[in-house]
Every structure is written in structure tokens, then in C-alpha cells.
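Asks: Following is a predicted model, sequence given first.
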Amino acid sequence: MILSFKDRLQAVNPEYETFERLQTLQVNLGNLCNLHCSHCHVNASNRGAEIMGVAVMEQIVGFLARQPDLTLDITGGCPEMNPHFRYFVEQTDGLTSHRLLRSNVAIMAEPGWEWLPEFCRSHKLTIIASLPCYLEENVDRQRGVGVYQKSIEVLKQLNALGYGSELELNLVYNPGGDFVPGSQKGLEVAYKAELFERHGIVFNKLFTITNAPIGRFREQLEADGAYADYVRLLAGRFNPEAAGNIMCRSLISVDWQGTIYNCDFNQALAMPVTADDGTEITISGLVDGDMDGKNIRLAQHCYCCTAGEGSSCSGALVG
């Protein structure tokens with residue numbers, strides 16, 4: 001029997017199950033996407049119907065105006081496909097110290113989306129680009145036929161615009177199956193060498209992110225009869241050194257309707273942050289300090305964040 005993640009975390013340090021200080025506001029603009037990736041925890045696709053509207057965006061803009069030192073982390077789905085994406089980026093200009101765009105970058109090679117690279121450059125967005133491998137066959141197996149070549153084409157365009165040198169360009173590695181990533185430092189060295197040698201591409205950092213056993217990836221694991229084994233693997237690789245750095249201690253996630261979650265994984269599982277009376281907390285009612293010291297909602301999927309070198313939206317937590 002696998003010990004509950006909550007008990008495992010408490011055994012290391014009870015403080016680790018409480019929110020410490022807000023540093024990153026992650027905003028999920030919806031589950032609409034041009035891809036249908038096998039590891040996607042939000043089940044994003046071109047049929048995604050959960051799309052953030054202007055009213056919620058304006059609530060987020062108001063919150064950021066009162067919290068000038070936060071990092072804004074924009075994600076999806078494919079966040080660029082939200083019809084109000086340009087509006088949101090323009091309205092948040094100058095409101096935060098750092099803005100991140102999590103992109104599959106293949107969208108930037110699709111007809112009608114050619115404006116995106118220049119738009120990102122002009123608004124000085126840091127781009128975090130998903131590229132689960134530097135080999136074409138592995139990427140296309142995980143993300144769809146032709147995605148690798150589109151991604152390479154766009155990464156070259158971004159390099160030409162100054163990304164990877166004057167502007168920050170980071171890549172994301174996701175395992176192609178039910179295993180924990182290897183050394184982030186080692187993989188970054190391999191990525192940089194292979195992508196430069198094969199395509200002349202440069203980038204700043206590589207983030208390794210462990211696949212969470214939820215959403216489409218859980219469906220795949222269950223179909224293969226591997227779900228229980230994968231959770232046992234994650235629990236068996238629990239790293240106490242990573243436990244204190246889990247992202248849910250300094251990040252909150254906002255869904256398309258403005259509801260607050262401890263992370264994007266909890267959002268996918270419909271596990272919102274609630275007030276003492278049990279009501280869901282939304283961005284419109286959130287006040288600075290409301291989250292400080294509040295218990296984090298934990299479950300077994302959280303083991304993915306503490307396995308091996310640990311995993312967060314900014315990659316490994318130790319090592």
C-alpha cells in the first residue's frame with residue numbers, strides 16, 4: 001500500500017503542506033488546442049470549449065495591478081488560440097516583473113498564426129516551448145505527425161528574432177512514457193548539442209517535467225494496465241529534498257472561469273482552493289495575503305512533483 005502523499009510530506013516537514021508566499025500567478029486561458037498530445041493532463045484539443053472571456057481577464061488584470069512583483073505564467077491548452085489572447089497580453093504590459101508564455105510553438109507555423117513570433121517579441125514575453133525530445137520520431141509519437149518539423153521551423157524563427165539570446169527561450173522535456181526524467185542538467189547538455197548540430201537552434205534552459213498521472217495520460221496508463229505501477233514508481237522515487245520546493249507553495253492557478261487552484265494539476269482534477277466556509281475562492285475576491293499559511297490540497301498525483309529531482313513548471317527542484 002502506498003502511503004498518502006499528505007502523510008509523506010508531513011513526515012518531512014508539516015510546513016510543506018501550507019502555502020508560503022505568492023510569487024507566480026498561473027493563468028490557464030482554456031483547453032482549446034491545435035494538438036492532441038498523449039501526455040496532456042487537461043485533455044486539450046481542437047474541440048476545447050473552456051475558453052476564458054474578457055470579464056475574467058479584467059479581474060486578473062486588476063489583481064496584477066495590485067501585485068506588481070509577481071510572475072505571470074500564461075498557459076492552456078494552447079493559450080494563443082484564446083480569441084482574447086492579444087487583449088490579455090496587451091492589458092498586462094508593464095504590470096508584472098516577468099511574463100511567461102507556455103507554447104507548443106507548432107501553433108506559430110499554422111496558417112493564420114504567423115503573427116505570433118513577432119507579437120511575442122514585441123511584448124517581451126519569455127517563451128517556454130514544449131519539445132519533449134530532440135528526435136523527430138519521439139516528438140511525433142507523443143504530439144502528432146509533423147509537429148516536430150513545425151516546432152523546429154518556429155524555433156529557428158524565434159532565434160532570428162533574438163530568442164535564445166536577447167530574449168529568453170526555454171524548452172520543456174516530458175517523458176515519452178511512464179518513467180521519471182533523468183538529470184535535467186544532463187538532458188539540457190544533450191538538447192543544446194543535438195539541436196545546434198542538427199538545426200543551428202539555441203535556447204536558454206531546459207525544464208524537465210514529470211508526467212502527472214491524470215487526464216489523457218492517466219487514460220493511457222489505465223488502458224495499458226500501468227496506472228498503479230506508475231504511481232508506485234513515483235512514490236518510490238519520493239525525494240525529501242524536493243518536498244520543500246514544490247511549486248504549490250508559491251504559485252496559484254486560475255482557470256477559465258476565475259476559480260483559484262493550488263496548481264494546474266489540481267485544476268484539471270477540479271480541486272479548487274476553498275474558504276473556511278467551503279466556498280470556492282476566485283480571483284475577483286482574492287486579496288494579498290489570503291493564501292499565506294493556507295493548507296494546500298494534496299492527493300496521490302502530487303508524487304509526480306517530488307519524484308527524482310522533483311518537478312515543477314520551472315523544471316527540476318533539486319540537482
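Replies: Done, it's in.

Asks: So what does residue 116 look like in phi/psi?
Replies: phi -60, psi -50 (degrees, to the nearest 10).

Asks: Distance of it relative to residue 249?
Replies: 33 Å (Cβ to Cβ, to the nearest Å). Heads up, the C-betas are built off the backbone N, CA and C, glycines and all.

Asks: of the two, who's got more company?
Replies: Counted by other Cβ atoms under 10 Å, residue 116 and residue 249 do not tie: residue 116 has more neighbours, with 24 against 20.

Asks: how far away is the more buried one from residue 122?
Replies: Applying Cβ to Cβ, the value for residue 116 to residue 122 is 11 Å.

Asks: One more: residue 249?
Replies: 34 Å.

Asks: which intervals of this protein have sub-threshold pLDDT?
Replies: Applying pLDDT under 70 to the chain picks out no residues at all.

Asks: now the helices for it?
Replies: 5-12, 54-65, 85-91, 116-122, 136-143, 147-160, 184-199, 215-223, 227-236, 240-243, 264-268 (DSSP state H).

Asks: now for the shortest one, which elements pack on it?
Replies: If contacts are counted by 3 or more Cβ pairs under 8 Å, 6 or more residues apart in numbering; DSSP states H and E, helix 240-243 sits against helix 5-12.

Asks: Report the angle between the helix it packs on and helix 227-236.
Replies: Counting by axes from the mean of the first three to the mean of the last three Cα atoms, to 10 degrees, helix 5-12 points 10 degrees away from the direction of helix 227-236.

Asks: buried residues in helix 5-12?
Replies: 5-6, 8-9, 12 (16 or more other Cβ atoms under 10 Å).

Asks: repeat for stretch 282-294
Replies: 282-283, 286, 290-291, 294.

Asks: Please report how far the residue nearest to residue 234 when sequence neighbours are not counted lies from residue 7.
Replies: In space, and not counting its chain neighbours, residue 234 is closest to residue 303: 3.8 Å by Cβ to Cβ, 6 or more residues apart in numbering. According to Cβ to Cβ, residue 303 stands 12 Å off from residue 7.

Asks: again with residue 240
Replies: 13 Å.

Asks: From the buried residues of stretch 282-294, pick the one nearest residue 317.
Replies: residue 291 (20.0 Å; Cβ to Cβ).

Asks: Pull the number of nearby residues for the closest residue to that closest one other than its chain neighbours.
Replies: Nearest non-adjacent residue to residue 291, counting by Cβ to Cβ, 6+ apart: residue 19, 4.6 Å away. By other Cβ under 10 Å, the residues close to residue 19 number 19.

Asks: Could you do residue 231 as well?
Replies: Residue 231: 20 neighbours (other Cβ under 10 Å).

Asks: Repeat that for residue 73.
Replies: So residue 73, with other Cβ under 10 Å, has 25 neighbours.

Asks: any idea how far residue 269 is from it?
Replies: Taken as Cβ to Cβ, the span from residue 73 to residue 269 is 19 Å.

Asks: ok, now residue 8?
Replies: Separation of residue 8 from residue 269 (Cβ to Cβ): 19 Å.

Asks: what's near enough to touch residue 74?
Replies: 26-27, 29, 88-89, 99-102, 125 (Cβ atoms under 8 Å, 6 or more residues apart in numbering).
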